[in-house]
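A.B. asks: what's the 3D shape of this:
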Amino acid sequence: MSRAFVTLAAAACASVAAAAPNLMTSILLRDPDPHGARCLDGTPPRIWVHKSTSANPANRSKWAWHFQGGAWCESEAACTTRAFTKGSCMLGSSREQCFNDNSCNVQNYAPVMDFLHLPAVNGARWGGGLLNNSAATNPLSWDWNHVLMMCT
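C.D. replies: Have a look, this model is predicted:
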């Protein structure tokens, strides 16, 4: 991971205001480096940030990051299909239209959303656990800052 990307992501996260439980703010990482990290279709990655509102000051400085995988491409043609086909392009693009055309039957894109309404999150172990703001289901990091990086 490039130093410029890490710096860009850190600055973006710092700019997000504290959010109510399970709400995440969308940030499109516009890296000025043309060779920086990109989604399959060439769009910049999108992160979703939930800023901690913990009563514990130590936990307000802790971060749980999840880098969503996009599955495996068997060929260049398979990656191209995934990146540009309606219904599956949410696995390889940060475009809002791909978010809205996803096959996961979730809500349309909004700049701030409940993380359970993001494509591929609902039902996944990390969506139901590691990014969850419930102490009962996520006793380790329920009150930390949470970041989900995905190409949707």
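
A.B. asks: Given the strand or helix carrying Ser26, what are its sheet partners and their directions?
C.D. replies: Assigned by DSSP states H and E, Ser26 falls within strand 23-28. Counting by DSSP bridges, the strands paired with strand 23-28 are strand 46-50 (antiparallel), strand 112-114 (antiparallel).

A.B. asks: Just name the most buried of those strands.
C.D. replies: Burial of the strands paired with strand 23-28 is given as mean neighbour count (mean count of other C-beta atoms under 10 Å); strand 46-50 ranks first at a mean of 24. C-beta: built from backbone N, CA, C; applies to glycine.

A.B. asks: got any ranges where the protein has weak pLDDT?
C.D. replies: Within the chain, the ranges that satisfy pLDDT under 70 run 1-21, 32, 69-71, 102-106, 120, 122-128, 152.

A.B. asks: Show me where it has its helices.
C.D. replies: In the chain, the helices defined using DSSP state H lie at 3-14, 76-84, 96-100.

A.B. asks: ok, and for the last one, which residues are buried?
C.D. replies: Neighbour counts over helix 96-100 (16 or more other C-beta atoms under 10 Å) mark 96, 98-99 as buried.

A.B. asks: Pull out the CA atoms of that helix and give them to me as CSV.
C.D. replies: What follows is helix 96-100, C-alpha atoms only, in CSV (Å, rounded to 0.1, in the frame of the first residue of the first chain):
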residue,chain,number,x,y,z
GLU,A,96,-22.9,5.1,-7.3
GLN,A,97,-24.8,3.6,-10.2
CYS,A,98,-23.2,0.2,-9.6
PHE,A,99,-24.1,0.5,-5.9
ASN,A,100,-27.8,1.0,-6.9
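
A.B. asks: List of residues touching that helix?
C.D. replies: 89-90, 92, 108-109, 119, 152 (C-beta atoms under 8 Å, 6 or more residues apart in numbering).

A.B. asks: Mind doing that once more with 6 Å?
C.D. replies: Contact with helix 96-100 is made by 89-90, 108-109, 152, as judged by C-beta atoms under 6 Å, 6 or more residues apart in numbering.

A.B. asks: out of those, which are inside strands?
C.D. replies: Among the contacts of helix 96-100, no residue falls in strands (DSSP state E).
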